[in-house]
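J.: the sequence and its predicted three-dimensional model are supplied below.
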Amino acid sequence: MAERWVALGVSLALAVSIAALFLAFTACRAPPQPPQPAKPKIVLVPVNYVIDSPQVDKTVSALTSIAQRDDVAGIVLVIDSPGGTVSATEALYTALRGINKTKYAVVNGLAASGAYYVAVAADKIYAAPSSWVGNVGVIAVLWPEEYFYDIPDYVYTTGPLKYYGRELVDFYNDIERVRLNFVNAVLKGRAGKIKADPQVFETASIFTADQAKSLGLVDEIGGIFDAVRDMAQRLGLTQYEVKYLSQVANVSTAPAGAQYKVELSTLLNSTPVPIFYILPTAVQWRLPADGGGNKTPPPAAPPEKPYVVLDMAHGNMVPRSFIEVLRAELATRGYALVSAASEYQLSTLLANATGLVVVNPTAPFSRDGVRAVLNATARGVRVAYFYDMRASAVVVSSGAAYVAPYSLFAVFDPLLTYFNMSGLRAVYNFTAGGANYTENWQFVAVRPRGNWTLLRGVERLLLFSPSAVAANTPHRLEAWGYVFGYGWGNYTVAAQVGNFTFIGTVRSFTPYFITQGDNWRFFKNVVDWLVEKRPIAKKLGPVSAVIYTG
């Protein structure tokens, strides 16, 4: 009996112990807590690159993804950039303006041109003590894009503005309109803060941080943590996180370190319009060092029979087909065509030459070269100077060969000035459409007038966008047409002064083109004039820069 009561007592004690343990365990467990909200974030957005579309597209995409996030309290732009393209700059600026968050900007080195344009989208701008700010303005690149040279002769278009898109005058007006967009953005973003006469923007100056603050271009001298601290205070934040944009959005940022330099070719390839909000010293202006020329000239050694010299001493861009037509015409008259590869050869060959042909030089005649030509014309040697802005030739640059228009490499040549001439741009008929290709806007029909030997038997010329020349002489050929940048008018496309003749077209005398109208007759007249039987005096000593017209 006693054993039974002992067993019952043990069972009861175990039950009580288990219940006590259960109650203790239940009492010790913490009640479930609701999830804690994420700390507010101040996001740092680096703009430490040349502002172009690829990088800006990434930045704008990331900004769009965080614009609606409740945990993003504000944005601090960290700027160290020389600016960039107009389209990319305005895309970043408008995206920032559209984000309904508090925005500060910190200039941490450089905020020039388009980079400052972006900065004025912020509510407040800070600048580190050694920063540079400003350069409010625009640059436009007229080289090597289409606005500088006439459309190449190997490009055919069906309307006068198909290639250009707009006239050159309109392009210049666009530059001013783009500049005003920049100025207006600054005046809007800094409304009530600008302390200087707005005319300060006319100079496109760049200022130190202290100067920028005194002018009202920035608000405070300070860095990233100054801006972050002030923003947090303004927003009433006591607990917050500071994160870079790449840490809160799926975006790859620009490489570490600010990018201050950009190749001109990269800049041009990044935008359809060559107008930029950029500090000009940030552009690497690398131009081709050698315009090259036709590398298959006729032999240089003077033959036994009479000859005409072809100048190849000045990087001349001569279409090969033009050389063949000229050589053939001279051969039928018993003359050879020899080339001069240097000014020394040119001077030597002119001693016994009947004529000289110069085509599209890309390097100017030197003083000795000018003297040699003037000496020759004074003795009776005749010179035909062909100048065709649209003519193209094979150019070799850095080991690569490509077709390029002469206008890409044209230089100021003093030789023309000694005959009171100056080359201009190409002439077009500026019409649209046509029943056949000869009525295309690039072909200019000319009906010669006047008693000039070179026009003998010529009733109608059909010239392929001939180049105009400024000249004052009774012997000249005029074409009614349109020149971009000048407008409609009568333009001289060929002129003669004594033994010197300017002809503003080359392509018109190549196969197919030379068969149009009386082009071939005119060219034959030029060759006849070059080799006309006449007395040519022996080589003279140095001559003065007096034009021989007799």
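T.: Perfect, I can see it now. Residues are numbered from 1 along each chain as shown.
J.: ok, now which ones touch the nearest residue to Pro474 once chain neighbours are set aside?
T.: Spatial nearest neighbour of Pro474, excluding adjacent residues (Cβ to Cβ, 6 or more residues apart in numbering): Gly450 at 7.8 Å. No exception for glycine: its C-beta is placed from N, CA and C like everyone else's. Gly450 makes contacts with 474-476, as judged by Cβ atoms under 8 Å, 6 or more residues apart in numbering.
J.: please redo it, this time with the cut-off set to 10 Å
T.: 474-478 (Cβ atoms under 10 Å, 6 or more residues apart in numbering).
J.: now swap in Ala537 and tell me
T.: Residues near Ala537 by Cβ under 10 Å, 6+ apart: 378-381.
J.: do Arg456 as well
T.: Contacts of Arg456 (Cβ under 10 Å, 6+ apart): 448, 521-522, 524-525, 528-529.
J.: mind doing that once more with 6 Å?
T.: Asn525 (Cβ atoms under 6 Å, 6 or more residues apart in numbering).
J.: before we move on, the earlier item: nearest to Phe171 among the contacts of Gly450?
T.: Nearest to Phe171 among the contacts of Gly450 is Glu478, at 27.7 Å by Cβ to Cβ.
J.: how about the contacts made by that closest one?
T.: Taking Cβ under 6 Å, 6+ apart, one finds 490, 492 in contact with Glu478.
J.: roughly how far does it sit from Asn135?
T.: 46 Å (Cβ to Cβ, to the nearest Å).
J.: go on, Asn269?
T.: Applying Cβ to Cβ to Asn269 and Asn135 gives a distance of 23 Å.
J.: which of the two has more neighbours?
T.: Asn135 (28 against 10; other Cβ atoms under 10 Å).
J.: pLDDT wise, what is the more buried one at?
T.: Predicted confidence (pLDDT) for Asn135: 93.
J.: where does pLDDT dip in the stretch 1-150 of the chain?
T.: Residue ranges of the stretch 1-150 of the chain with pLDDT under 70: 1-37, 142-150.
J.: where does the protein have low pLDDT?
T.: Ranges of the chain meeting pLDDT under 70: 1-37, 142-150, 168-169, 251-258, 286-303, 395-402, 432-434, 539-550.
J.: helices along that one, start to end?
T.: Remark: helices assigned in the chain by DSSP state H are 2-28, 53-66, 86-98, 114-119, 168-189, 209-215, 224-235, 245-248, 264-269, 320-331, 343-350, 367-379, 414-417, 519-531.
J.: of all the ones you listed, which one is nearest Leu462?
T.: The nearest among the helices of the chain, by Cβ to Cβ, is helix 519-531 at 6.5 Å.
J.: kindly calculate the angle that the closest one makes with helix 320-331.
T.: 60 degrees (axes from the mean of the first three to the mean of the last three Cα atoms, to 10 degrees).
J.: how about helix 519-531: buried residues?
T.: The neighbour-count check on helix 519-531 (16 or more other Cβ atoms under 10 Å) flags 519-527, 529-531 as buried.
J.: CA atoms of that helix as PDB?
T.: Extracted C-alpha coordinates of helix 519-531, given in PDB (Å, rounded to 0.1, in the frame of the first residue of the first chain):
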ATOM      1  CA  ASN A 519      31.600  70.000-120.700                       C
ATOM      2  CA  TRP A 520      34.000  68.100-123.000                       C
ATOM      3  CA  ARG A 521      34.200  71.000-125.400                       C
ATOM      4  CA  PHE A 522      35.000  73.400-122.600                       C
ATOM      5  CA  PHE A 523      37.700  71.100-121.300                       C
ATOM      6  CA  LYS A 524      39.200  70.700-124.800                       C
ATOM      7  CA  ASN A 525      39.400  74.500-125.000                       C
ATOM      8  CA  VAL A 526      41.300  74.600-121.700                       C
ATOM      9  CA  VAL A 527      43.800  72.100-122.900                       C
ATOM     10  CA  ASP A 528      44.100  74.000-126.200                       C
ATOM     11  CA  TRP A 529      44.800  77.100-124.300                       C
ATOM     12  CA  LEU A 530      47.500  75.400-122.200                       C
ATOM     13  CA  VAL A 531      49.400  74.100-125.200                       C
END
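J.: quick one: contacts of that helix?
T.: Helix 519-531 has contacts (Cβ under 6 Å, 6+ apart) with 308, 329, 333, 335, 354-355, 382, 384, 454, 456-458, 461, 508-509, 514.
J.: give me the nearest residue to Lys195, chain neighbours excluded.
T.: In space, Lys195 is closest to Gly216, 3.9 Å off (Cβ to Cβ, 6+ apart).
J.: just to revisit the earlier point, distance to Ala232 and neighbour count added to the contacts of Ala537, as TSV?
T.: Formatted as TSV, these follow (distance: Cβ to Cβ, whole Å; neighbours: other Cβ atoms under 10 Å):
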residue	distance to Ala232	neighbour count
Ala378	85	18
Arg379	87	18
Gly380	89	15
Val381	84	25
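J.: strands along the stretch 251-400 of the chain, start to end?
T.: 262-263, 275-278, 283-284, 307-311, 336-340, 355-359, 382-386, 392-397, 400-405 (DSSP state E, counting those that start in this stretch).
J.: quick one: closest of the ones you listed to Val411.
T.: strand 355-359 (13.1 Å).
J.: by contact count, what packs against that closest one?
T.: strand 307-311, strand 382-386 (3 or more Cβ pairs under 6 Å, 6 or more residues apart in numbering; DSSP states H and E).
J.: out of the helices of the chain, deepest packed?
T.: Most buried of the helices of the chain, by mean neighbour count (mean count of other Cβ atoms under 10 Å): helix 114-119, with a mean of 30.
J.: and that helix, how far out from the chain middle?
T.: Chain-centre distance of helix 114-119: 21 Å, with Cα atoms, centre = their mean, to the nearest Å.
J.: with stretch 319-334 instead?
T.: Taking mean C-alpha positions (Cα atoms, centre = their mean), stretch 319-334 and its chain are 38 Å apart.
J.: please begin residue numbering at 671 from this point
T.: Got it, the first residue is 671 from now on, which makes the last one we talked about stretch 989-1004.
J.: with only the CA atoms kept, save that stretch in CSV.
T.: The C-alpha coordinates for stretch 989-1004 follow below in CSV (Å, rounded to 0.1, in the frame of the first residue of the first chain):
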residue,chain,number,x,y,z
PRO,A,989,40.7,61.9,-108.9
ARG,A,990,42.5,59.3,-111.0
SER,A,991,39.9,59.4,-113.7
PHE,A,992,40.6,63.2,-114.1
ILE,A,993,44.3,62.4,-114.7
GLU,A,994,43.4,59.9,-117.4
VAL,A,995,41.2,62.3,-119.2
LEU,A,996,43.8,65.1,-119.1
ARG,A,997,46.6,62.7,-120.2
ALA,A,998,44.5,61.5,-123.2
GLU,A,999,43.6,65.1,-124.3
LEU,A,1000,47.3,66.1,-124.1
ALA,A,1001,48.4,63.0,-126.0
THR,A,1002,46.2,63.8,-129.0
ARG,A,1003,48.0,67.1,-129.2
GLY,A,1004,51.5,65.6,-129.0
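J.: what residues does that stretch touch?
T.: 964, 978, 1007, 1061, 1063, 1176, 1179-1181, 1197, 1201.
J.: can the helices and strands packed on strand 1025-1029 go into TSV with extra columns for mean neighbour count and distance to Val1073?
T.: Shown next, in TSV, are the helices and strands packed on strand 1025-1029 (neighbours: other Cβ atoms under 10 Å; distance: least, Cβ to Cβ, whole Å):
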stretch	mean neighbour count	distance to Val1073
strand 977-981	26	21
strand 1052-1056	24	18
